[in-house]
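S.K.: Any chance you can model this:
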Amino acid sequence: MAKEQISAYQQMQKSSLTPREVEAMAFTKAAVMLEDAKQKVKNIEGYAQALRFNHLLWTIVQADITEPENQLPADIKANILSLSIFVDKQTMKAMRSSEPTDLDVLININRNLAAGLRNSESAEAPAQAASA
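M.R.: The predicted structure follows:
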């Protein structure tokens, strides 16, 4: 199943969307899945599935920032890695407890990252157009 999800993620990257748009969509999807799981906490399979998707997403992020081809500055990579470690710990906590409130921080992180990716994408567009 994880290979299918990674393949789907990679296919989306090849589409007409920019990488940042794809990443924003992935973080938004994870946040929506977690929010839905929070509302329907009695559906333990849905709760676990949302956490597994979020964990997979963050595993992909971790793998990406450790690739030698990744051109992000070292301090940004370090910050993302620190955040991903926190997300991993929070995910494990939520899996153990099955408490809906344990999802709040994961939802907020994913939504904020998605918003930041979208904002940085729109901020770059005028700069690119001006330089053309």
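S.K.: The one residue sitting closest to the centre of the chain sits in which helix or strand?
M.R.: Centroid-nearest residue in the chain, with CA atoms, centre = their mean: Phe27, separated by 3.6 Å. In the assignment (DSSP states H and E), Phe27 maps to helix 19-39.
S.K.: Packing partners of that helix?
M.R.: Using 3 or more CB pairs under 8 Å, 6 or more residues apart in numbering; DSSP states H and E as the contact test, the elements touching helix 19-39 are helix 2-14, helix 44-65, helix 104-131. Bear in mind the C-beta positions are built from the backbone N, C-alpha and C, glycine included.
S.K.: The same query, at a cut-off of 6 Å, please.
M.R.: Using 3 or more CB pairs under 6 Å, 6 or more residues apart in numbering; DSSP states H and E, the elements in contact with helix 19-39 are helix 44-65, helix 104-131.
S.K.: Identify the residues contacting it?
M.R.: Helix 19-39 is contacted from outside by 12-13, 46-47, 50, 53-54, 57, 100, 103, 106-107, 110-111, 113-114, 117-118, 121, using CB atoms under 6 Å, 6 or more residues apart in numbering.
S.K.: Check the secondary structure at Glu69 for me.
M.R.: Three-state call for Glu69 (DSSP: H, G, I helix; E, B strand; the rest coil): coil.
S.K.: count of neighbours near Leu117?
M.R.: Burial measure for Leu117: 21 neighbouring residues, criterion other CB atoms under 10 Å.
S.K.: quick one: pLDDT of it?
M.R.: pLDDT for Leu117: 92.
S.K.: what about the nearest residue to it once chain neighbours are set aside, how many neighbours?
M.R.: Nearest residue to Leu117, sequence neighbours excluded (CB to CB, 6 or more residues apart in numbering): Ala24, at 4.0 Å. Burial of Ala24 is recorded as 22 neighbouring residues (other CB under 10 Å).
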